[in-house]
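Engineer: my questions are about this predicted structure, shown below with the sequence.
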Amino acid sequence: MGKNHGYNMVISCSELDDYERVCSSSREGKGKRLWKKVKYQLVEYHSLPGYLKDNEYILGYYRAEWPLKQVLLSIFTIHNETLNVWTHLLGFFLFLFLTIYTAMKVPSVVDLPTLQNFSDALKKADFQKLQTDLVACLPFLSHMPDLQRLRDDLKTSLPSMDLLPSLSNWHITELLSNCLPNGMKDDMANIVAPSTVTPITRWPFFAFLGGAMFCLLASSTCHLLSCHSERLSYIMLRLDYAGIAALIATSFYPPVYYSFTCYPLLCNLYLWFITLLGIGTILASLLPVFQSPEYRNFRATLFFSMGVSGVAPILHKLILFWNQPEALYTTGYEVLMGALYGLGALVYATRVPERWMPGKFDIAGHSHQLFHILVVAGAYTHYKAGLIYLKWRDQQGC
């Protein structure tokens, strides 16, 4: 009985050891799962490392020192950088589409206003009178069954047409235009024989589009990856500044080149100035030697100088082309662009609206998101101005 009892006790102790090992393993597994769950949770502002503390009015929903895989996957989750990432990422895709669209469509020189004017003239025309005038001018139109009959009737009515090997649609349109009223005749002439001016070079326009895409993609990447580590945050922030400098510099290329293309000396002077200033600003953003606190004012001065230097060529353009409507239209777009950028910088600097209600705009609506939206709007406004520049120079040349 005692032996059996002792045996049973041994077995029980063995079972107890196995149970403890299982429980210990289970606790470790649960602990790892719990730690993994807690580790990738969003944290509050006061829990952040110093390099991630930027806006004390955004109180929560921060990512802090996550592994790179989780950082990349967080593009599809909700945190206080989600809209910062997507506002500029969608802006990047918008300008990628505009670049492809421009490359495919804009090189073709088409006088769209002329087509519109002709369409408007047709809408206002007295078709009964127009038909009477055409038949009076070309009697054969009253019994024209088709285009082949038109060719035959034209040759019958005008024997000299026999000298032509064939009668093209251009000839027919030319004959018809001679019977149209003066306004419609001019529009028809422009459609039949459009301007033969060679399209002006597109590289300044595409340089701006490239600068916009680089800025937007760099900004989106910075907001996504900066929470990984202090080192990566430093690199991404420098790249973000370089993107801003690239956007400002390349934004000058279309207005300067297309405004002063007939004045090569002025054109080259303005282009070289903004290019060298842009390169200097990008280097000041990237090189470690310029990142110390004593160079902070120097970096700020470079960015400020790039922004205000655009006033000179715009005023110069207005002086040279004060009687050209295109100069006024493009200046209007450029003023709107500057207003959007300025408003965005003001919102960003004043931390509005989150400073009024800390914690209420952590996910959506805080100043940096509004700043991003205004930057995309300003860049798109500049794109619209660029299209006017292209059409102006394509049609008029120098």
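Structural biologist: Cool, got the structure.
Engineer: stretch 96-109: which residues count as buried?
Structural biologist: Leu98, Thr99, Thr102, Val106, Val109 (16 or more other C-beta atoms under 10 Å). For the C-beta atoms, the positions are set from N, CA and C on the backbone; glycine is no exception.
Engineer: in helices, which of those residues appear?
Structural biologist: Among the buried residues of stretch 96-109, the members found in helices (DSSP state H) are Leu98, Thr99, Thr102.
Engineer: so which one among those residues has the lowest pLDDT?
Structural biologist: Across those, the smallest pLDDT goes to Thr102, namely 92.
Engineer: walk me through the domains of the protein.
Structural biologist: Per the record, the chain has its domains at 1-38, 70-108+198-396, 112-192, by automatic domain parsing.
Engineer: returning to what we had before: tell me which of the ones in helices among the buried residues of stretch 96-109 is nearest to Ala379?
Structural biologist: Each of those was checked against Ala379 using C-beta to C-beta; the closest is Leu98, at 9.7 Å.
Engineer: how about that closest one, what does it touch?
Structural biologist: Contacts for Leu98 (C-beta atoms under 8 Å, 6 or more residues apart in numbering) come out as Leu209, Tyr383.
Engineer: before we move on, what about Leu209?
Structural biologist: By C-beta under 8 Å, 6+ apart, the contact set of Leu209 is Phe95, Leu98, Thr99, Thr102, Tyr383.
Engineer: tally up the residues packed near the first one, please.
Structural biologist: It stands for Phe95. Applying other C-beta atoms under 10 Å, we find 25 other residues in the vicinity of Phe95.
Engineer: for it, pull up the helix or strand it's in.
Structural biologist: Using DSSP states H and E, Phe95 sits within helix 82-105.
Engineer: cool, and the last one?
Structural biologist: Using DSSP H and E, the element containing Tyr383 is helix 367-396.
Engineer: shaky segments in the protein?
Structural biologist: Using pLDDT under 70 as the threshold, the predicted model of the chain has low-confidence ranges 1-39, 107-198, 293.
Engineer: pull the CA atoms of the helix holding Phe95 into PDB?
Structural biologist: Taking C-alpha atoms only, helix 82-105 is exported to PDB below (Å, rounded to 0.1, in the frame of the first residue of the first chain):
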ATOM      1  CA  THR A  82      -1.500  58.300 -42.100                       C
ATOM      2  CA  LEU A  83      -2.900  61.300 -43.800                       C
ATOM      3  CA  ASN A  84       0.500  63.000 -44.000                       C
ATOM      4  CA  VAL A  85       1.700  60.000 -45.900                       C
ATOM      5  CA  TRP A  86      -1.300  59.700 -48.200                       C
ATOM      6  CA  THR A  87      -1.900  63.300 -49.000                       C
ATOM      7  CA  HIS A  88       1.500  63.600 -50.700                       C
ATOM      8  CA  LEU A  89       1.600  60.100 -52.000                       C
ATOM      9  CA  LEU A  90      -1.700  60.700 -53.900                       C
ATOM     10  CA  GLY A  91      -0.200  64.100 -55.000                       C
ATOM     11  CA  PHE A  92       2.800  62.200 -56.400                       C
ATOM     12  CA  PHE A  93       0.500  59.900 -58.400                       C
ATOM     13  CA  LEU A  94      -1.500  62.900 -59.600                       C
ATOM     14  CA  PHE A  95       1.600  64.600 -61.000                       C
ATOM     15  CA  LEU A  96       2.800  61.300 -62.400                       C
ATOM     16  CA  PHE A  97      -0.500  61.100 -64.400                       C
ATOM     17  CA  LEU A  98      -0.100  64.800 -65.400                       C
ATOM     18  CA  THR A  99       3.400  64.100 -66.700                       C
ATOM     19  CA  ILE A 100       2.300  61.200 -68.800                       C
ATOM     20  CA  TYR A 101      -0.800  63.100 -70.000                       C
ATOM     21  CA  THR A 102       1.300  66.100 -70.900                       C
ATOM     22  CA  ALA A 103       3.900  64.000 -72.700                       C
ATOM     23  CA  MET A 104       1.200  62.400 -74.800                       C
ATOM     24  CA  LYS A 105      -1.200  65.300 -75.500                       C
END
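Engineer: could I get the full set of helices for the stretch 251-398 of the chain?
Structural biologist: In the stretch 251-398 of the chain, the segments counted as helices under DSSP state H, counting those that start in this stretch are 253-259, 264-286, 296-308, 311-320, 325-350, 367-396.
Engineer: helices and strands around the last one, which ones?
Structural biologist: Meaning helix 367-396. Based on contacts counted as 3 or more C-beta pairs under 8 Å, 6 or more residues apart in numbering; DSSP states H and E, the elements that helix 367-396 packs against are helix 82-105, helix 203-225, helix 230-251, helix 253-259, helix 325-350.
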